[in-house]
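Visitor: structure, please.
(chains A and B)
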Number of protein chains: 2
Amino acid sequence: MKPLRPLRALEWVGERDGFLRIVDQTRLPQEIRYLQLDNVEAVREAIVQMRLRGAPAIGVAAAFGVVLGMRQARYQTAADALAHLERIVNLLRGSRPTAVNLHHALERMYRVGRAIITAADFRPLVNDLVPRLLAEAKAIWDEDRLMCRTLAAHGAALIQNGMGILTHCNTGALAASDYGTALGVLFTAHEQGRRFTVYACETRPLWQGARLTTLELKLRGLECVLLCDNAAGWFMRQGKIQLVLVGADRIAANGDTANKVGTYSLAALARVHGIPFYVAAPSTTFDLSTPDGSAIPIEQRSAQEVTQPFGLTMAPEGIRVENPAFDVTPADWITGIITERGLVQPVNPSTITACLGLTCRSEKSIP
Amino acid sequence: MKPLRPLRALEWVGERDGFLRIVDQTRLPQEIRYLQLDNVEAVREAIVQMRLRGAPAIGVAAAFGVVLGMRQARYQTAADALAHLERIVNLLRGSRPTAVNLHHALERMYRVGRAIITAADFRPLVNDLVPRLLAEAKAIWDEDRLMCRTLAAHGAALIQNGMGILTHCNTGALAASDYGTALGVLFTAHEQGRRFTVYACETRPLWQGARLTTLELKLRGLECVLLCDNAAGWFMRQGKIQLVLVGADRIAANGDTANKVGTYSLAALARVHGIPFYVAAPSTTFDLSTPDGSAIPIEQRSAQEVTQPFGLTMAPEGIRVENPAFDVTPADWITGIITERGLVQPVNPSTITACLGLTCRSEKSIP
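Guide: The predicted model follows:
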């Protein structure tokens, strides 16, 4: 499996009449299948079915989804156009509830669209609507790519030769626009010549660690060991892990961090073993309007993901299942948060505000 | 799926010319397939492939394996017979390294066999060898059945109405001769009229929790919720778990306990959340000749169990995998150990000796 180019979660191909190209992550690692999404329903479906996942990536994809949706839409009046925009934004907003990057991106797209639509002289502007939305989506994409590199540069200093670094889920090129958040930190440290071992938790129920993270590490030549999720504590006990490094889907104002289910347990285990626990996340993952983790909505996914993984039958019929897709790690269990604006350490409301300013307060103008 | 009789891991059918009947646990929950094992190689294969698993069950199966092996064997002299016995015992002993019940059972069988073989008047005794071995294996089986009930009765008092009880792997009728160890405790409490919710961790890589534990709980009408292993900590955090109850594969003299991988993490998480953590295990699971957990051999199983679960491809080719089948929980993280001889609590060398005496010291006479 040698792709001609590095795996990339998503890419806008073409201009105003272009499309969003994504790798169908549900097919990895067996097959690198690209999908061309040219309508908003397809973008939503890809996010819901997790063909595309990762908080930064779904934010960017949703922005392009708005472009596609408005390109499809037919309207005669400003009121019509605004109704379409709201429908499209809400369609995408409902795709997954936990990652806030999605909401931030949609908020930006909505404001740009609304400003054009509601301008006094609607008629001359309307032909400009899709290009302007596309420009905004590309700006979000560009910022996300830049974020990956800047964040990685800030975090790489934490990685030392010989470390064992435990990670969870996938936070690489498949989760963002460039080479990721937590994995981007590791890629940068590796490019800088440091050598270390990455322990990848397989990340049930959807195996993002086993299917995606090991693939990205392998393609870039990093040393990697795959573990079942439940073995993580035992490897900490044996002194094999010197750092835990994960991504995030939403970080509340106090630093409580929602991330892929299993993160909370890893943070607790790191704490028991005295191992530093870092989160790598761009500023778009912060939600300063959510005071703490208790207010973060946790997506509950289907029982079938657990009982019938990829078509196998792994439990008797009718068994009750709890399948939260995320959990919330309390701020005081997090050693530091690596952002593109620097390191938040220790993690508390004032260090977060100092690092980010107030720019990440979600104002929620979408009706 | 309504079996005509309760699931039973194993059963000796017939007398001297009988066979060992087991449920092929690799086929559950889709299919209840019984296998008739009439030779020692088949018994070994079933243990290695985990068609039969669970520390008490494999001890009993190995005892019958010795019967089958000596029934197959042809010998003319006492030296020949002893060589056969040693070969058979060692063949079975090598099937799985961690669970000590296997070693205890083989030690018993070996001593009985050797005593007969090496008696001065070998010829008259030799016709009696297989019946005497069969009687010993049946005694081990009977004791294991009695153990299940007695242990369960001791433990049931810990279970209160309304509790959420987290368990790992399978410790029920499929893991022992009667209705199990940790699950037996829950079955008894349920029979006594208490109502509670069992949270079953799915137990990667072989899904014993998802495939076997939920099945047993369902068949007996207990309320059950299936979780991915990595969600356990999050459910503790949410106050859903009041007790963790697991089995064991080997308990060292100081109380350090080897059990299915993931147990160590659950014990650490229970500790962080102030939740009592109990082990349920018969006296045959203690190994007083092993001073502490560092001396317990940990079976490493194949990478394919992790990367290619039940034929799926869940990781790229050639990825390095660590797949320990067990881990070791330190004694001081264990609130108590429920045995058929009573409750060991707190867990330390003197409470263990007080409860068990010295009867569980393995003397290792097998060459």
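Visitor: not counting its neighbours along the chain, what's nearest A:Ile216?
Guide: I think there's a mix-up here, since residue A:216 is Glu and not Ile. Closest residue to A:Glu216 apart from its sequence neighbours, by C-beta to C-beta, 6 or more residues apart in numbering or on different chains: A:Gly172 at 4.1 Å. All C-beta spots, glycine's among them, are computed from the backbone N, C-alpha and C.
Visitor: any stretches of chain A with poor pLDDT?
Guide: A:1-5, A:124, A:358-363 (pLDDT under 70).
Visitor: in it, which spans are helices?
Guide: For chain A, applying DSSP state H gives helices covering A:40-48, A:55-72, A:78-93, A:100-117, A:122-126, A:129-156, A:182-191, A:208, A:214-219, A:232-237, A:263-272, A:304-307, A:349-356.
Visitor: which strands and helices sit next to the fifth one?
Guide: Judged by 3 or more C-beta pairs under 8 Å, 6 or more residues apart in numbering or on different chains; DSSP states H and E, helix A:122-126 is in contact with helix A:78-93, helix A:100-117.
Visitor: cool, the third one as well?
Guide: Packing partners of helix A:78-93 (3+ C-beta pairs under 8 Å, 6+ apart): helix A:40-48, helix A:55-72, helix A:100-117, helix A:122-126.
Visitor: other residues contacting the shortest one?
Guide: Applying C-beta atoms under 8 Å, 6 or more residues apart in numbering or on different chains, the external contacts of helix A:122-126 come out as A:Thr77, A:Ala78, A:Ala81, A:Ile116, A:Ile117, A:Ala119.
Visitor: what about A:Arg21, how many residues nearby?
Guide: 17 (other C-beta atoms under 10 Å in any protein chain shown).
Visitor: roughly how far apart are it and A:Leu37?
Guide: Using C-beta to C-beta, to the nearest Å, one gets 8 Å for the distance from A:Arg21 to A:Leu37.
Visitor: quick one: A:Gln49 and A:Gln25 touch, right?
Guide: No. A:Gln49 is beyond contact range of A:Gln25, at 9.5 Å (criterion: C-beta atoms under 8 Å).
Visitor: higher neighbour count, these two?
Guide: The neighbour count for A:Gln49 versus A:Gln25, taken as other C-beta under 10 Å, is higher for A:Gln25 (26 against 13).
Visitor: residue contacts, that one?
Guide: Going by C-beta under 8 Å, 6+ apart, A:Gln25 touches A:Ala9, A:Met50, A:Arg51, A:Leu52, A:Arg53, A:Leu174, A:Gln208, A:Arg211, A:Leu212.
Visitor: again with A:Ala61
Guide: A:Leu10, A:Leu20, A:Ile22, A:Val43, A:Ala46, A:Ile47, A:Leu52 are the contacts of A:Ala61 under C-beta under 8 Å, 6+ apart.
Visitor: same thing but 6 Å
Guide: With contact set as C-beta atoms under 6 Å, 6 or more residues apart in numbering or on different chains, A:Ala61 has these partners: A:Leu10, A:Val43, A:Leu52.
Visitor: same check, this time on A:Gly180
Guide: Residues counted as contacts of A:Gly180 (C-beta under 6 Å, 6+ apart) are A:Thr171, A:Gly172, A:Ala173.
Visitor: next, the residue of chain A most remote from its centre: phi, psi?
Guide: Using C-alpha atoms, centre = their mean, the residue of chain A lying farthest from its centre is A:Asp121. It sits 37.9 Å away. Main-chain torsions, A:Asp121, degrees, to the nearest 10: phi -100, psi 70.
Visitor: that one and chain B, how far apart?
Guide: As for A:Asp121, its distance to chain B is 53 Å (criterion: C-beta to the nearest C-beta, to the nearest Å).
Visitor: okay, that residue and B:Pro297: tell me how far apart.
Guide: For A:Asp121, the distance to B:Pro297 (C-beta to C-beta) stands at 80 Å.
Visitor: enumerate the residues of chain A near chain B.
Guide: A:29-30, A:204-205, A:207, A:210-211, A:214-215, A:218, A:225-231, A:233-234, A:261-262, A:264-265, A:268-269, A:272, A:310, A:312-316, A:319-322, A:327 (C-beta under 6 Å from any C-beta of the partner chain).
Visitor: domain ranges for chain A, per the record?
Guide: Chain A breaks down by automatic domain parsing into domains covering A:10-148, A:157-356.
Visitor: give the contact list for A:Pro316.
Guide: Contacts of A:Pro316 by C-beta under 6 Å, 6+ apart are B:Pro29, B:Thr214, B:Leu215, B:Lys218.
Visitor: was I right to think A:Ala253 contacts A:Pro291?
Guide: Yes. Taking C-beta atoms under 6 Å as the definition, A:Ala253 is a contact partner of A:Pro291 at 5.3 Å.
Visitor: just the strands in the stretch 251-367 of chain A please.
Guide: A:257-260, A:277-280, A:286-287, A:320-321, A:326-329, A:336-339, A:342-344 (DSSP state E, counting those that start in this stretch).
Visitor: list the buried residues for the fifth one?
Guide: Pointing back at strand A:326-329 there. A:Phe326, A:Asp327, A:Val328, A:Thr329 (16 or more other C-beta atoms under 10 Å in any protein chain shown).
Visitor: show me what contacts the second one?
Guide: A:Asp327 makes contact with A:Val261, A:Thr263, A:Tyr264, B:Trp234, according to C-beta under 6 Å, 6+ apart.
Visitor: hang on, isn't the residue nearest to A:Glu216 packed against A:Leu215?
Guide: No. Look at A:Gly172 against A:Leu215 with C-beta under 6 Å: they stay out of range, at 8.8 Å.
Visitor: okay, the two: which has more neighbours?
Guide: Under the neighbour definition other C-beta under 10 Å, A:Gly172 and A:Leu215 were set side by side, and A:Gly172 has more, 31 against 25.
Visitor: please name the residues that touch that one.
Guide: Neighbouring residues of A:Gly172 by C-beta under 6 Å, 6+ apart: A:Gly180, A:Leu183, A:Glu216.
Visitor: picking up where we left off before, any chance of the contacts of A:Pro316 in JSON lines, with distance to chain A too?
Guide: Putting these into JSON lines (distance: C-beta to the nearest C-beta, whole Å) gives the following:
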{"residue": "B:Pro29", "distance to chain A": "4"}
{"residue": "B:Thr214", "distance to chain A": "5"}
{"residue": "B:Leu215", "distance to chain A": "5"}
{"residue": "B:Lys218", "distance to chain A": "6"}
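Visitor: drop anything exposed from those residues.
Guide: Buried subset of the contacts of A:Pro316 (neighbour count, 16+ other C-beta under 10 Å): B:Pro29, B:Thr214, B:Leu215, B:Lys218.
Visitor: any idea how far the residue nearest to the spatial centre of chain A is from A:Thr257?
Guide: Centroid check for chain A by C-alpha atoms, centre = their mean gives A:Ala55 as the closest residue, at 1.7 Å. Counting by C-beta to C-beta, the separation of A:Ala55 from A:Thr257 is 11 Å.
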